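>>> model the following, please.
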Amino acid sequence: MSVKKKKTLRAFLVVLLVILAVIFTGVLILLTHTQIIVGAIQNLSQGTVNTKNLFEPLHEPLQAKKDNGQYIITEIKYSDDYPNSFLDITYPDETVETQRPTLIYFHGGGFFGGSKCDGDPLAEGDATALLDDICAEGFNLVNIDYALVPEYHFPTPLIQANEAFRFLMAHADEYHLDMERVVMMGSSAGAIMTSQMGSIITNPEYAALLGIEPVLSREQVAALVIDDAPLDYDSFSLGTKVLIGNYMKGSIFLNKAEISKYNNIPSVTKDYIPCVLLGSEYCVDMRELHDVLQAVGVEHILIDPLAERGIQMQHCFVASERENEIAKDAYDRMITFIQERIQ
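This next block holds a predicted model:
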């Protein structure tokens, strides 16, 4: 090889190494500063779903009969400590004094967006219609908002959930809520919260790990519905690690202590609350939770269309129960399970 060709090859290799170094540095910056990516998603989502942290209500407070006959009270402040500390209560009809079980719902949205009004921006299906149908089954439905990134991170939404429970206990008579027959449900990010709250309520060691003293007791919560929760951090795709890592600390690189706080599956005990697991995009995580629940003898059902039918359903597929027969079957099984435990 001639001297000229060697110089050309050497120059090419130097340029290639510089390009690779720049790419590697850029990727590393993005993975250790995940809000750059999530912030871009938030900006694109503005005007479609809520991505803000507000100390005032998202909408004008309302007390009214809905077109479907249900009665709703909106934008009830449950705490002054954090933004988005508002909840809505929906009753099956205008006879709000009727004694009914209480279903508490946490919306999804990757901890960067969504609200009690709009459902989960990452889910396929109409979450608000799902909640209307659950309410019509005979539940007083409490829909809770919580703070979002980048200003607030784990475990702030769980602290807020606990504050909401405290408010509901203190105002149960005012809002005619039965807080001795509670069902807790969440989808996606809300499902993560529901699963974690199950361990906070039933495992003192896990509660202490998060620094949360639970307001609700094991005896008050009859059932959980965990709708497609990503829990096993080590098995996540890169996209899910970006969302959850950003929620945890703004980086995908979580240490063992941080993962043990986030992933409550190893903290599940025999005292865990009976639950419905709905698995689709995160069916692997739901199967892992199912295996642990089965091992410790906790009553539960796993609804996993991929395992049962060989059909991969979209994220939080039960929200499509009005249009899809597989989702409707899952919905019916879910309702049967929770109604049997609130009698």
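
>>> then the host helix or strand of residue 259 to PDB, C-alphas only?
In the assignment (DSSP states H and E), residue 259 maps to helix 256-262. Taking Å, rounded to 0.1, in the frame of the first residue of the first chain, the C-alpha atoms of helix 256-262 are listed here in PDB:
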ATOM      1  CA  LYS A 256     -30.200  -2.300  42.800                       C
ATOM      2  CA  ALA A 257     -31.600  -0.300  45.600                       C
ATOM      3  CA  GLU A 258     -33.600   1.900  43.200                       C
ATOM      4  CA  ILE A 259     -35.000  -1.200  41.400                       C
ATOM      5  CA  SER A 260     -36.000  -2.800  44.700                       C
ATOM      6  CA  LYS A 261     -38.100   0.200  45.500                       C
ATOM      7  CA  TYR A 262     -39.700   0.300  42.100                       C
END
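
>>> ok, and what's touching it?
Identification of contacts with helix 256-262 by C-beta atoms under 8 Å, 6 or more residues apart in numbering yields 154-155, 196, 209-210, 231, 233-234, 244, 248-249, 254, 266-267. C-betas here are computed from N, CA, C, even on glycine.

>>> please repeat the previous calculation with a cut-off of 6 Å.
The contact list for helix 256-262 (C-beta atoms under 6 Å, 6 or more residues apart in numbering) reads 209, 233, 248.

>>> which one of these is nearest to residue 200?
Residue 200 lies nearest to residue 209 out of these, by C-beta to C-beta, at 9.3 Å.

>>> what pLDDT does the closest residue to the closest one other than its chain neighbours get?
Once flanking residues are discounted, residue 209 sits nearest to residue 261: 5.7 Å by C-beta to C-beta, 6 or more residues apart in numbering. We have a pLDDT of 98 for residue 261.

>>> if I look at residue 261, how far off is residue 213?
In this structure, residue 261 and residue 213 are 16 Å apart, going by C-beta to C-beta, to the nearest Å.

>>> name the residue in these two with the higher neighbour count.
Counting neighbours by other C-beta atoms under 10 Å for residue 261 and for residue 213 shows that residue 261 has the greater number, 18 against 10.

>>> ok so residue 289 is a helix residue?
Yes: counting by DSSP: H, G, I helix; E, B strand; the rest coil, residue 289 is located in a helix.

>>> the closest residue to residue 156 other than its chain neighbours: how many residues sit nearby?
Distances taken as C-beta to C-beta, 6+ apart place residue 147 nearest to residue 156, at 5.3 Å, with adjacent residues excluded. Counted with other C-beta under 10 Å, residues neighbouring residue 147 total 19.

>>> pretty sure residue 147 is touching residue 83, no?
Yes: taking C-beta atoms under 6 Å as the definition, residue 147 is a contact partner of residue 83 at 5.2 Å.

>>> what do the two both touch?
Contact criterion C-beta under 6 Å, 6+ apart; residues shared by residue 147 and residue 83: residue 53.

>>> next structured bit after the helix or strand encompassing residue 199?
Using DSSP H and E, residue 199 sits in helix 189-202. Of the helices and strands lying after helix 189-202 in sequence (DSSP H and E), the nearest is helix 204-210.

>>> what segments of the protein are strands?
Taking DSSP state E as the criterion, the chain carries its strands at 63-65, 71-77, 86-91, 101-106, 140-144, 178-187, 221-227, 275-278, 300-303.

>>> for the fourth one, which strands pair with it and how are they oriented?
Looking back up the chat, that one is strand 101-106. Next to strand 101-106 in the sheet, as set by DSSP bridges, lie strand 140-144 (parallel), strand 178-187 (parallel).

>>> and residue 227, which of those is closest to it?
With C-beta to C-beta as the criterion, residue 227 lies closest to strand 178-187 of the strands paired with strand 101-106, at 4.1 Å.

>>> avg pLDDT for the closest one?
If you average the pLDDT over strand 178-187, you get 98.

>>> what does stretch 176-183 contact?
Residues contacting stretch 176-183 (C-beta under 6 Å, 6+ apart): 96-97, 99, 101-103, 140, 168-169, 172, 220-223, 338, 342.

>>> for that stretch, what is the distance to the chain centroid?
21 Å (C-alpha atoms, centre = their mean, to the nearest Å).

>>> buried set for stretch 299-314?
The neighbour-count check on stretch 299-314 (16 or more other C-beta atoms under 10 Å) flags 300, 301, 302, 303, 304, 305, 313 as buried.

>>> again, but for stretch 331-343
For stretch 331-343, the neighbour count (16+ other C-beta under 10 Å) marks 331, 334, 335, 337, 338, 339, 341, 342 as buried.

>>> how about the first one, what does it touch?
Counting by C-beta under 6 Å, 6+ apart, residue 331 touches 318, 321.

>>> one more time with 8 Å
Listed by C-beta under 8 Å, 6+ apart, the contact partners of residue 331 are 130, 133, 318, 321.

>>> from residue 217, how far off is the last one?
The reference is to residue 321. Distance from residue 321 to residue 217, counting by C-beta to C-beta: 31 Å.

>>> looking at those two, which one has more neighbours?
residue 321 (23 against 11).

>>> just the pLDDT for the more buried one.
For residue 321, the pLDDT comes out at 96.

>>> again with residue 159
98.

>>> need the contact list for it.
82, 212.

>>> switch to numbering from 808
In the new numbering, first residue 808, that becomes residue 966.

>>> so residue 1099 touches residue 1071, yeah?
No: with contact defined as C-beta atoms under 8 Å, residue 1099 does not count as touching residue 1071 (9.8 Å).
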